[in-house]
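I need the structure of the sequence given here:
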Amino acid sequence: MIRSHKGKTPKIGENVYIDPMALVIGDVTIGDDCSVWPGAVIRGDVNTIVIGNRSNIQDNVVIHTSHSVPVSIGNNVTIGHLAHVHSATIGNGVMVGSRSVVLDETVIEDTCLIGAGALVSPRSKIPSNSMVLGMPAVIKRELKENEIRMILDNAQEYVDMKNEYLAGQLND
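Numbering: from 1, shown residues only. Okay, here's the model as predicted:
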């Protein structure tokens, strides 16, 4: 469902799939070829949320902002099932694993992997090509080429799946 809030209506790019059970509210911009899956909530009710092209917001994700800090999510990003992103900046080609929490004023640079269940503390700075794990999250090492490829391949898989949903070609 797409809802306006205080005169602001979400701007949705081309070839975007938003599941009927997802909720997108207010000052939200979603780029081209994105997907938003069941139960996801993207609340641009107190500040701006911008999601780049070819990104996927998986089931039951929550994306929200504070009054002082917006959310920016780059291109080819996967936000995994049950993850929470609050007032953070996420670069291009990032995978935020299932049940991860990314808190206020965090900056995650390009091509990072935030492992499942990680808790990224407020004001964290994660450099490009980092693998981040744990509670609290710590940088474990630099990503290998095959891991970066996996992140980008996953984003492409979700573009392909979104296209199937848009075309109504689901195989039961």
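
Walk me through which strands the longest strand seen in the chain pairs with, and which way each runs.
Counting by DSSP state E, the longest strand found in the chain is strand 41-51. The pairing partners recorded for strand 41-51 under DSSP bridges are strand 23-30 (parallel), strand 62-64 (parallel), strand 71-73 (parallel).

Distance to residue 117 for those - can I get that in CSV?
For glycine as for every other residue, the C-beta is placed from the backbone atoms N, C-alpha and C. CSV is the format used below for those (distance: least, CB to CB, whole Å):
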stretch, distance to residue 117
strand 23-30, 24
strand 62-64, 15
strand 71-73, 20
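
tell me the centre residue of this structure?
The residue lying closest to the centre of the chain (CA atoms, centre = their mean) is residue 79, at 3.8 Å.

if we can go back for a sec, residue 52: which of the strands paired with strand 41-51 is closest?
strand 71-73 (6.2 Å; CB to CB).

which residues touch the very next helix or strand once past that closest one?
On the C-terminal side of strand 71-73, the closest following helix or strand by DSSP states H and E is strand 78-79. Strand 78-79 has contacts (CB atoms under 8 Å, 6 or more residues apart in numbering) with 55-58, 61, 63, 73, 85, 90, 94-96, 151, 154-155, 158.

Distance from the chain centre to the longest strand of the chain, please.
12 Å (CA atoms, centre = their mean, to the nearest Å).

Can you list the buried residues in that strand?
41, 42, 43, 44, 46, 47, 49, 50, 51 (16 or more other CB atoms under 10 Å).

Need the strands paired with strand 41-51 in JSON lines (columns: distance to residue 119 and mean neighbour count).
Shown next, in JSON lines, are those (distance: least, CB to CB, whole Å; neighbours: other CB atoms under 10 Å):
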{"stretch": "strand 23-30", "distance to residue 119": "24", "mean neighbour count": "22"}
{"stretch": "strand 62-64", "distance to residue 119": "14", "mean neighbour count": "21"}
{"stretch": "strand 71-73", "distance to residue 119": "17", "mean neighbour count": "23"}
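
that older thread, go through the buried residues of strand 41-51 and name the one nearest residue 131.
Distance to residue 131, by CB to CB, is smallest for residue 51 among the buried residues of strand 41-51, at 23.0 Å.

any idea how far residue 142 is from that closest one?
26 Å (CB to CB, to the nearest Å).

Ok, residue 165 next?
Distance of residue 165 to residue 142, computed by CB to CB: 35 Å.

cool, residue 102 as well?
Residue 102 sits at a distance of 20 Å from residue 142 (criterion: CB to CB).

Of these two, which one has the most company?
Higher neighbour count among residue 102 and residue 142: residue 102, with 31 against 14, using other CB atoms under 10 Å.

That concludes my questions; thank you for your assistance.
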